[in-house]
Each structure stands twice: as C-alpha cells, then as structure tokens.
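Student: Model the structure of this input:
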Amino acid sequence: MDLFFFHFWDTRVEERVGRQERELHAIRLDNEAAWAKEDLLRE
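Tutor: Next up, the predicted model:
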C-alpha cells in the first residue's frame, strides 16, 4: 500500500466523521427545540 491510499482513506474517514458530527448536531438542535416547546406548553 502506498502513501496515496492512506491519504485517500484518511480523507474519506474525515469526511464521514464530519458528516456524522453535523447530523448529530442537527439532531441535538431538534431535540433542544422540542424540549423548549414542551416546556412552553407546560407553562
């Protein structure tokens, strides 16, 4: 295996991890919004 393969593999892993982090962030924001809405409805 050459250095290019490892660089390519590393880049692909970083892209996948970045995408997963963005998706998790969006889920967290959605959850926070839902919790805030529930709190408002309870008041």
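Student: centroid residue for the protein?
Tutor: residue 21 (2.2 Å; C-alpha atoms, centre = their mean).
Student: now residue 19: how far from residue 9?
Tutor: 16 Å (C-beta to C-beta, to the nearest Å). C-betas here are computed from N, CA, C, even on glycine.
Student: before we move on, what about residue 43?
Tutor: Applying C-beta to C-beta to residue 43 and residue 9 gives a distance of 52 Å.
Student: And those two? Which one has more around it.
Tutor: residue 9 (11 against 4; other C-beta atoms under 10 Å).
Student: Can you check the pLDDT for that one?
Tutor: At residue 9, the pLDDT value in this model is 81.
Student: next one: residue 41
Tutor: Listed pLDDT for residue 41 reads 86.
Student: cool, and residue 1?
Tutor: 56.
Student: got it, and the one 5 residues further on?
Tutor: You'll see residue 6 listed with a pLDDT of 74.
Student: Quickly find the element holding it.
Tutor: Following DSSP states H and E, one finds residue 6 within helix 3-42.
Student: Centre of the chain to that helix, how far?
Tutor: 1 Å (C-alpha atoms, centre = their mean, to the nearest Å).
Student: Pull out the buried positions in it.
Tutor: In terms of neighbour count (16 or more other C-beta atoms under 10 Å), helix 3-42 has no buried residues at all.
Student: on contacts alone, who are the packing partners of that helix?
Tutor: For helix 3-42, there is no helix or strand it packs on, judged by 3 or more C-beta pairs under 8 Å, 6 or more residues apart in numbering; DSSP states H and E.
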